[in-house]
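Engineer: sequence unknown, structure follows:
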């Protein structure tokens with residue numbers, strides 16, 4: 001089994017807009033969450049219910065990091081391949097900036113997507129043809145115009161090179177070099193030796209359980 005990680009990045013300096021959007025999304029999640037007894041149709045053991053509630057708390061804990069002067073990164077332990085894209089699409093409905101999602105799965109697949117106003121603007125998969133067939137993935141090739149608008153038109157040649165990379169690890173390394181802030185990052189690496197102290201200190205924990 002290889003590395004699995006997912007993260008979200010937004011080109012903005014408006015941290016308040018991000019926090020307000022997270023609060024709104026999470027408040028809507030609370031409204032639509034089903035009652036456990038209604039969901040299972042039987043009496044739930046109080047200890048089991050407590051375990052379920054405790055495990056869900058991590059989904060309400062976010063780490064926000066100011067990357068450079070004009071990007072904010074979002075981490076959450078509930079982010080995974082699929083969940084991250086859905087969350088990125090949702091938060092893009094509430095902010096005035098594009099949303100970049102990164103999912104790296106098992107050293108096999110890099111899935112990069114850009115959302116705006118609740119819609120997918122472009123997406124790109126970096127993986128081999130064999131991996132694509134094995135996972136049952138459809139072709140997805142990033143739009144160079146959208147990507148260069150996001151990271152800077154001076155990087156067009158670098159982006160064209162990135163789009164041709166099939167090895168997912170090499171692709172993530174290259175895109176990280178282009179965008180110039182850490183993408184090899186996930187929420188449960190915060191406060192561990194997987195990342196250095198300087199990077200840890202860039203992230204602020206926001207607990208929306210309170």
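Structural biologist: Sure thing, it's come through. Predicted model only: the values in this text are computed from it and were never measured.

Engineer: From residue 94, how far off is residue 18?
Structural biologist: Separation of residue 18 from residue 94 (CB to CB, to the nearest Å) stands at 9 Å. Using the backbone N, CA and C atoms, a C-beta is placed for each residue, glycine as well.

Engineer: try residue 166
Structural biologist: Using CB to CB, residue 166 is found at 35 Å from residue 94.

Engineer: Contact partners for residue 112?
Structural biologist: Applying CB atoms under 8 Å, 6 or more residues apart in numbering to residue 112 gives the contacts 100, 101, 102, 103, 123, 124, 125, 126, 142, 175.

Engineer: Mark which of those are part of helices, please.
Structural biologist: Using DSSP state H, residue 175 are the members of those that sit in helices.

Engineer: Does residue 65 lie in a helix or a strand, and which?
Structural biologist: Using DSSP states H and E, residue 65 sits in strand 61-67.

Engineer: Return the set of buried residues in that strand.
Structural biologist: By neighbour count on 16 or more other CB atoms under 10 Å, the buried set for strand 61-67 is 61, 62, 63, 64, 65, 67.

Engineer: Now flag whichever of these is closest to residue 197.
Structural biologist: Lowest distance from residue 197 to these (CB to CB) belongs to residue 65, with 13.5 Å.

Engineer: I'd guessed residue 178 sits against residue 159; true?
Structural biologist: Yes: proximity of residue 178 to residue 159 meets the contact threshold set by CB atoms under 8 Å, at 6.6 Å.

Engineer: Can you pull the residues that touch both of these two?
Structural biologist: Both residue 178 and residue 159 are in contact with residue 151, where contact means CB under 8 Å, 6+ apart.

Engineer: More neighbours: those two, which one.
Structural biologist: The neighbour comparison of residue 178 against residue 159 (other CB atoms under 10 Å) goes to residue 159, with 23 against 15.

Engineer: Secondary structure element holding the residue nearest to that one when sequence neighbours are not counted?
Structural biologist: Using CB to CB, 6 or more residues apart in numbering and skipping the chain neighbours, the partner closest in space to residue 159 is residue 147 (5.0 Å). Here residue 147 is covered by helix 144-151, with elements defined by DSSP H and E.

Engineer: got a list of what residue 185 touches?
Structural biologist: The neighbours of residue 185, taking CB under 8 Å, 6+ apart as the test, are 5, 7, 73, 75, 195, 199.

Engineer: Under the pLDDT cut-off, which ranges of the protein? List them.
Structural biologist: Residue ranges of the chain with pLDDT under 70: 1, 31-55.

Engineer: what about the helices in it?
Structural biologist: Ranges of helices in the chain, per DSSP H, are 15-32, 36-40, 46-56, 83-91, 129-135, 144-151, 156-163, 168-179, 197-200.

Engineer: Kindly reformat the buried residues of strand 61-67 as JSON lines containing distance to residue 111.
Structural biologist: As requested, the buried residues of strand 61-67 are exported to JSON lines (distance: CB to CB, whole Å):
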{"residue": "61", "distance to residue 111": "24"}
{"residue": "62", "distance to residue 111": "21"}
{"residue": "63", "distance to residue 111": "21"}
{"residue": "64", "distance to residue 111": "22"}
{"residue": "65", "distance to residue 111": "21"}
{"residue": "67", "distance to residue 111": "20"}
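
Engineer: which two in these are spaced the farthest apart?
Structural biologist: Pairwise over these, using CB to CB, the maximum falls at 61 and 67, 19.4 Å.
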